[in-house]
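Novice: how would this look folded up:
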Amino acid sequence: MTQKQEPTIHAAFIPFVEAKAALDAKIKHEGETAVKVFFKDYFDTHPEIYGIRWDQFVPYFNDGDACTFGLGGVTSYKTKKAFDVGTSAYDDDNEDIQDCYNEEPHTSLQYIEDILEVVFGEHAKVAVTRTSIESEEYTDHD
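Specialist: Numbers count the residues shown, from 1 in each chain. Presented below is the predicted three-dimensional model:
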């Protein structure tokens, strides 16, 4: 019985694999700093906003279309209570919710989805306030 051979990468590709790993590490480290700067500026210019939440993931199924990474449910909250509850932006009865679709920061975040993917991971829930940025793994999505 022959032993299964581990797959190897051709020597011609090693410099590219190493360069990509180095770039991803740089994006992770410097991207975290850039995200903090972006949100500091955002909260400075939007004092009415307490916090922002979003989900980021690659869908498991997309009705035949390609499953690609993206952001979902970007919502800004005017109060700590609404932020802590995480009420849907589509809750018409809640006056504490400001939907961010087609507004900042959702528009800006769409331009840096690839950086957010490296910084927070492929499947994450992200919550940002003036004083903190928290993320947790998010696998319970479609």
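Novice: how many neighbours does residue 76 have?
Specialist: Neighbourhood size, residue 76 [other C-beta atoms under 10 Å]: 25. Every residue, glycine included, has its C-beta placed from N, CA and C.
Novice: what ranges do the helices span in the protein?
Specialist: With DSSP state H as the criterion, the chain has helices at 14-45, 80-85, 106-111, 113-120.
Novice: among these, which is nearest residue 67?
Specialist: Closest approach to residue 67 among the helices of the chain is made by helix 113-120 (13.5 Å; C-beta to C-beta).
Novice: elements contacting the closest one?
Specialist: Applying 3 or more C-beta pairs under 8 Å, 6 or more residues apart in numbering; DSSP states H and E, we find helix 113-120 packed against helix 14-45, strand 51-57, strand 70-77.
Novice: just name the most buried of the ones you listed.
Specialist: strand 51-57 (a mean of 22; mean count of other C-beta atoms under 10 Å).
Novice: now the angle from it to helix 14-45?
Specialist: Counting by axes from the mean of the first three to the mean of the last three C-alpha atoms, to 10 degrees, strand 51-57 lies at 150 degrees to helix 14-45.
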